[in-house]
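Student: Following is a predicted model, sequence given first.
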Amino acid sequence: MSRSTAVKPATLPLSKSDGGKAPLKLATQTLMSANNIHKSYRKGTLEVPVLKGVDLEIAEGSFTAIVGQSGSGKSTLLHLLATLDAPDQGEVHFQDRRIDNLPSRQREAIRNQEFGLIFQFYHLLPELSTLENVLVPKMVQDGFFSYLRNKRAYKKRATELIEMVGLGHRMTHRPSEMSGGEMQRTAIARALISEPSIILADEPTGNLDEQNGDEVLDTLNSLRNQENLTVVMVTHDASLAQSADKTIKLVDGRVV
């Protein structure tokens, strides 16, 4: 397994209408943070605490691994960072702006434009080809007529990403025709199509054998440098976390 040895600074996107990137910033600047995060879930009449006052900072250009045993709260924490759920207490900040309390439409826009989400089970649409699956976020983001106007440019970008993750020969294949590793690399390309500032990956190798898992991790490390990305990865595998610049360990809902 290859390990990334250098932290490259990330670029913070300007608003999409600006059509460009902000100047490179120092990798020590905080891109995302969570402050005093608490989260509980209900099982019938029982309230089950999952996170019990978590604080963390994610630096631009860094690769951060969140580790812990099953039930430690690591996936819950990632979902809160991605605004897929809201904390019971505490705040999540992104680019110096609080985002956990934004209206749902604004949170959806941030997820679609600034966050690249990768999940353990790929979530590819089975009736679509690799190229079409990678283009889905643009279809959702733009709406029908805007997507048609920009379709050629989007297809060019999607094709480049698919080739970057080593799937140029799978461009027209559907998920049922691909291995687990190939499907996860398709999901990585899809996460990058909107040129996000940060990749949030929840157990991206958890459904793969060791070889495919190593290939996916190598792909993430390589693309992190090529695309000037910040990466946050949840994993239960301590050996995978060794590729990260920083490891955050959760035990019983707390950082230790």
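Tutor: Perfect, thanks for sending it. Numbers count the residues shown, from 1 in each chain.

Student: Show the subsequent helix or strand relative to the worst-scoring helix or strand of the chain on mean pLDDT.
Tutor: Sorting the helices and strands of the chain by mean pLDDT, DSSP states H and E puts helix 238-241 at the bottom, at a mean of 84. Downstream of helix 238-241, the next assigned helix or strand under DSSP states H and E is strand 246-251.

Student: what are the pairing partners of the next helix or strand after that next one, and which direction each?
Tutor: For strand 246-251, the following helix or strand on the C-terminal side (DSSP H and E) is strand 254-255. Applying DSSP bridges, strand 254-255 is found paired with strand 246-251 (antiparallel).

Student: what comes up buried for the strand it pairs with?
Tutor: 246, 248-250 (16 or more other C-beta atoms under 10 Å). From N, CA and C alone the C-beta is placed, and that goes for glycine too.

Student: swap in stretch 233-247?
Tutor: With burial defined by 16+ other C-beta under 10 Å, the residues of stretch 233-247 counted as buried are 233-236, 240-241, 243-246.

Student: Contacts for that stretch next, please.
Tutor: By C-beta atoms under 8 Å, 6 or more residues apart in numbering, the surrounding residues in contact with stretch 233-247 are 1-4, 7, 59, 62-70, 74-75, 77-78, 199, 201-206, 213, 217, 220-221.

Student: mind listing which of these are in strands?
Tutor: 59, 63-67, 199, 201-202 (DSSP state E).

Student: just the buried members of the contacts of stretch 233-247?
Tutor: 4, 7, 59, 62-68, 74-75, 77-78, 199, 201-206, 213, 217, 220-221.

Student: on that earlier part again, same list, the buried residues of stretch 233-247, but as CSV with distance to G168 please.
Tutor: Converted to CSV, those look like this (distance: C-beta to C-beta, whole Å):
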residue, distance to G168
M233, 25
V234, 29
T235, 28
H236, 32
L240, 26
A241, 30
S243, 25
A244, 28
D245, 30
K246, 33
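
Student: just the helices in this protein please.
Tutor: 74-81, 104-113, 130-142, 144-164, 180-192, 210-226, 238-241 (DSSP state H).

Student: quick revisit: biggest separation within the buried residues of strand 246-251, which pair?
Tutor: Greatest spatial distance among these (C-beta to C-beta): K246 and L250, at 13.6 Å.

Student: quick one on the thing from earlier: could you export the helices of the chain as a markdown table, including distance to R174?
Tutor: Below are those laid out as a markdown table (distance: least, C-beta to C-beta, whole Å):
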| stretch | distance to R174 |
| --- | --- |
| helix 74-81 | 28 |
| helix 104-113 | 24 |
| helix 130-142 | 8 |
| helix 144-164 | 14 |
| helix 180-192 | 10 |
| helix 210-226 | 18 |
| helix 238-241 | 28 |
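
Student: least reliable of those going by mean pLDDT?
Tutor: Mean pLDDT is lowest for helix 238-241 among the helices of the chain, at a mean of 84.

Student: ok now that one, how far from the chain's centre?
Tutor: 17 Å (C-alpha atoms, centre = their mean, to the nearest Å).

Student: CA atoms only for it - export them in PDB, please.
Tutor: This file holds the C-alpha atoms of helix 238-241, laid out as PDB (Å, rounded to 0.1, in the frame of the first residue of the first chain):
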ATOM      1  CA  ALA A 238      -6.100   0.800  12.000                       C
ATOM      2  CA  SER A 239      -3.700  -0.300   9.300                       C
ATOM      3  CA  LEU A 240      -5.600   1.800   6.700                       C
ATOM      4  CA  ALA A 241      -5.500   4.800   9.000                       C
END
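
Student: K249 contacts V255, correct?
Tutor: Yes - counting by C-beta atoms under 8 Å, V255 is a contact partner of K249 at 6.9 Å.

Student: List the residues that contact the residue nearest the centre of the chain.
Tutor: Nearest to the mean C-alpha position of the chain, counting by C-alpha atoms, centre = their mean, stands L200 at 2.3 Å. The neighbours of L200, taking C-beta under 8 Å, 6+ apart as the test, are 78, 81-82, 115-118, 232.
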